[in-house]
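Participant: Here you go, sequence then predicted model.
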Amino acid sequence: MLLTIRSLTKTFPGTLALDAVDFDLRAGEVHALLGENGAGKSTLIKCLTGAYRRDGGTVTLDGATIDPQSTAHAQELGIGTVYQEVNLLANLTVAQNLLFGREPRRWGLIDGRAMRRQARAMLAEYGLDLAVDRDLGTYSVAIQQIVAIARAVALSGKVLILDEPTASLDAAEVRMVFDVVRGLRERGLGIVFVSHFLDQVFDLTDRVTVLRNGRKIVTTDTASLDRVRLIEHMLGRELEDATGDQAVARGPRPPMLDFSGLGRRGTIEPFDLAVGQGEVVGLAGLLGSGRTESAELLFGLRNAHSGTATDQQGPLDLRSPRSAIAAGFGFVPEERKTDGIVADLSIRENIILGLQARRGWARPIPRAEQNRLADDYIKRLDIRNSGREKRIGELSGGNQQKVVLARWLAMNPRFLILDEPTRGIDVGAHAEIVRLIHQLVDQGMSLLVISSEIDELIAVSDRVIVLRDRRHVAELTGDEIAPGRIMQAIAATEAA
Amino acid sequence: MNTRALPLYVTIGIFLLAYLVFWLQFPNILSTRVVGNLLTDNAYLGIVAVGMTLVILSGGIDLSVGSVIAFSGVFIAVLLRDTGLHPLAVFALLLGLTTAFGAGMGFLIDRLAMPAFIVTLAGMFLARGAAYILSIDSVPIQHPFYQALQGAYWLMPGKGRLTLIGVLMVLTFVLGMIVAHKTRFGASVYALGGGEAAARLMGVRQGRTTVLVYAFSGAMAGLSGIVFSVYTGSGYSLATVGTELTAIAAVVIGGTLLTGGAGYMFGTFVGVLTMGLIQTYIVFDGSLSSWWTKIVIGILLLAFILLQKGLLKLSQMRLAQDAIRGT
């Protein structure tokens, strides 16, 4: 065994990111590491590359226990990493990137000719013939990734971690990178492959390890696994009391919004979507399937290249979030820390932000009114805190999410989009948010809920739309909304 | 074609074109006298611009250098007046002081993760204030060694004078080119300017590099101060106000990207000469106000910023096309 990890544990304030995870890597294998956002993949990798220090457990490489302190140290030990982006420097030449820090020198000065020769020799091993004097940035992303792989292998040479290396590549480029990876497998490297593209996992890897909520779920041969099983492992079936109850069938809803042919080239295929009044539409699919992109199109964060949006009164303008808000839309984004809250502002300021923006800065909301609003929502949503003037950055994830919700509720939208509303929230707050969703619907608000947790979708949705490969592929209603049906729809391959 | 060197070619092209146009009007402008004076008059600016180029390549800025030059002049003049130290000893003392000053600013920028703009702005006020404390008046330098320095030149054919300080500037540029393009330190500077996150992943020691970059700039400002004191024969605390901005202008006109990571030391050399050439032309013309220098430099700066933006767009478009073609 090349690399052995036993009981790896890593905690962050308030969360257990890795809970006694075991992981093995053989020499000469490609081992997929899978899991949804927050499963612990990146934490595991960062513990290996020295970006994080582990809190517990052992890591053994070639029989010796290691404790990487930094990226450079991990490289010296033999562990190299290629990330999705930000690997190399586009403003340096190919040769400079390949040999950075190890430039051949003569009399203390960099020997440009020897450097170019060595760079060409390195690339020849991968069947590439590039003008090594050109800026790396003038080459395609695939070539840049291969250069990054060549550099990582030359520096470390035992373990290669590929962290979503194909996320911004097209099919032909993916093949090119995979050929390189297969060549390295032949040479006996141990390769960890992180990706959310299941086709690629089945195409390339020998074994699969699935993480979920910081725990290892399974390690198995890729060949012995089918897609549905794999997705079950990734999405899990952990019924919780609060989310376990099925949404009551409430019959057809009066129509309210109608989106037709909405799409954007390279982002999401055109789709139709009708939302009734007081209806909850769930979006299911794996990471990267186009869930968030659909929501961003609806909210004007990205502009659609085609399609129309109408309500009962006529066409709607969704060219920017501002116009979407004016049309009565709201959007609770996935990345709460960066897109949802303004960490340095107080709870009160975060709650009134949207309302104030709509009124315009010339007409400030009177302070008494602000206080009343903030106190009202703190009570209604049970935001636990030590007063409305507390900095929101100091609250727990669940309470932050409630404040973001309160901001939208204060504006009384008719259509609210929730992107992963319960991500990174503890179980108790999770249940409360689901309960809140039920309440909102009872008041007549329409919701679009995106979630990786199938049980959560089942608990809240009247209708579930399944996405795959940036396409809306299935729509499930009534009794069809069941874990098995949803997973099958996610797993189904193209009839090819 | 590689777009990396295009701004450099444009800079050289503009310089040659300007020289040609001026030569058509005043054939004398090609004489070795004018060339010699071009080097001598811009020696202090060129030397300080070498340091500035490295700082800007690393993605930073150094606003303190103009004040450091003035401080250096006053420091030298006062020490020579009040002590019996030999000028060479004073030079060594001064260079040590300004290098440490630069290193200190680099340390603060790195350790406190503060913008270089604000740290070196504080350095600018500090150095200027220190100069005032030493002397408010202009202090003449009358050391025999100084007269020897001022009198040192090589008579070129055509009676042009290639002065010591002019040669020193050229040598400084050669040093700058070696440091920037031929050492691992120089590669680290480009790497930092290209992107800190990626640079760290590639093993750049960010703290050490930042400190060294500003120390280098401080040393160049000190050397420039020495040259300026030789050039003017005095030290004056009100001298070289705004020289840091002129140096930045020379660097940008020389084709270096103000956001860092791309550019050439030689470009800055041409940038300095271009600015000097415009000044020379205005002197030759005689009827133009010297403010025209500033106007032309302003126009040139604007043109180069637009050029850089355009090049960026162009290379992005080309990348997008490559992606479509699937190369």
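Facilitator: Everything's here; your move.
Participant: Sketch out the low-pLDDT regions of chain B for me.
Facilitator: B:1-3, B:312, B:315-316, B:318-327 (pLDDT under 70).
Participant: where do the helices sit along it?
Facilitator: B:6-25, B:32-41, B:43-57, B:65-82, B:87-111, B:116-134, B:144-151, B:164-182, B:184-194, B:196-201, B:206-232, B:243-253, B:265-285, B:291-325 (DSSP state H).
Participant: and if you look at the stretch 201-350 of chain A?
Facilitator: Ranges of helices within the stretch 201-350 of chain A are A:227-235, A:241-244, A:291-298, A:321-326, A:347-359, based on DSSP state H, counting those that start in this stretch.
Participant: Report the buried residues of the first one.
Facilitator: By that I understand helix A:227-235. Buried positions in helix A:227-235, judged by neighbour count with 16 or more other CB atoms under 10 Å in any protein chain shown: A:227, A:230, A:231, A:232, A:233, A:234, A:235. Any C-beta I mention is one placed from the backbone N, CA and C, and that applies to glycine too.
Participant: any idea of the mean pLDDT in stretch A:234-248?
Facilitator: For stretch A:234-248, mean pLDDT is 52.
Participant: before we move on, the earlier item: how about the buried residues of helix A:227-235 in TSV, adding distance to residue B:128?
Facilitator: Output for the buried residues of helix A:227-235, formatted as TSV (distance: CB to CB, whole Å):
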residue	distance to residue B:128
A:227	70
A:230	68
A:231	67
A:232	70
A:233	67
A:234	63
A:235	65
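Participant: okay, these in a markdown table with distance to chain B next?
Facilitator: Formatted as a markdown table, the buried residues of helix A:227-235 follow (distance: CB to the nearest CB, whole Å):
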| residue | distance to chain B |
| --- | --- |
| A:227 | 28 |
| A:230 | 30 |
| A:231 | 31 |
| A:232 | 36 |
| A:233 | 31 |
| A:234 | 28 |
| A:235 | 32 |
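Participant: farthest-separated two in those residues?
Facilitator: The largest separation in those, counting by CB to CB, is between A:227 and A:235 at 12.1 Å.
Participant: Among the helices of the stretch 201-350 of chain A, show me which one is buried the most.
Facilitator: helix A:291-298 (a mean of 24; mean count of other CB atoms under 10 Å in any protein chain shown).
Participant: got a list of contacts for it?
Facilitator: For helix A:291-298, contacts defined as CB atoms under 8 Å, 6 or more residues apart in numbering or on different chains pick out A:259, A:262-264, A:267-268, A:271, A:273, A:283-285, A:302-304, A:309, A:318, A:324, A:329, A:331, A:334, A:417, A:419, A:448, A:450, A:467, A:470, A:472.
Participant: and if we set it to 6 Å?
Facilitator: A:262, A:267, A:268, A:283, A:285, A:302, A:304, A:334, A:417, A:419, A:450, A:467 (CB atoms under 6 Å, 6 or more residues apart in numbering or on different chains).
Participant: quick one: pLDDT of the second one?
Facilitator: Meaning residue A:267. For residue A:267, the predicted pLDDT is 80.
Participant: With the fourth one instead?
Facilitator: With respect to pLDDT, residue A:283 has a value of 90.
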